[in-house]
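Colleague: Kindly return the folded structure for what I paste below:
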Amino acid sequence: MKPELDSNTQKLLALRNRMNRKRPEFHRQEWFRYRKLGSAWRKPRGKHSKLREKRGYRPAFVESGYRGPRAVRNLHPSGFKEVYITSIKDLQDIDPKRQAVRISSTVGRKKRMEIQDRAREAGIRVLNEVR
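Modeller: Residues are numbered from 1 along each chain as shown. Here you go, the predicted model:
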């Protein structure tokens, strides 16, 4: 199943895809030195921090210029708007032409299968479907 998108949105999704390929990985300052830090981005706040000063020989710094186009910012890569659901009742408000469903991880297997069957009948795409 594919979403119904206008030509402008399709162009912007393609542009975002190209931008994502060019975008560098943003790592925390000195992530390579101490394993306990992890590599998840944290803003450097030190008084003498070279990364905060954006020195040329330092890795990329998170800035707004790396963001994707606003119109497609929160869309799934397929073009659907993701809707998070926890029960079968939540499927009633879904527009299958523009929205796709992501089932909560707290939903058990039996209820998950019921939700998936009901979504299939209604023609709604489930992004994290279990077979």
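
Colleague: Okay, the residue lying farthest from the centre of the chain and R28: tell me how far apart.
Modeller: Most distant residue from the mean C-alpha position of the chain: H48, 33.8 Å away (CA atoms, centre = their mean). According to CB to CB, to the nearest Å, H48 stands 17 Å off from R28. C-beta: built from backbone N, CA, C; applies to glycine.

Colleague: and if you look at E63?
Modeller: 16 Å.

Colleague: okay, the two: which has more neighbours?
Modeller: Neighbour comparison, E63 and R28: the larger count goes to R28, with 17 against 9 (by other CB atoms under 10 Å).

Colleague: what's the domain layout of the chain?
Modeller: Domain assignment of the chain by automatic domain parsing yields the ranges 7-72, 81-122.

Colleague: among those domains, which is nearest N128?
Modeller: domain 81-122 (5.5 Å; CB to CB).

Colleague: Ends of that closest one, what's the gap?
Modeller: With CA to CA, to the nearest Å as the measure, domain 81-122 spans 17 Å from end to end.

Colleague: Backbone torsions only: list them for the nearest residue to K81 once chain neighbours are set aside.
Modeller: With CB to CB, 6 or more residues apart in numbering as the criterion, K81 has its nearest non-adjacent residue at 4.9 Å, and that residue is Q99. Main-chain torsions, Q99, degrees, to the nearest 10: phi -120, psi 150.
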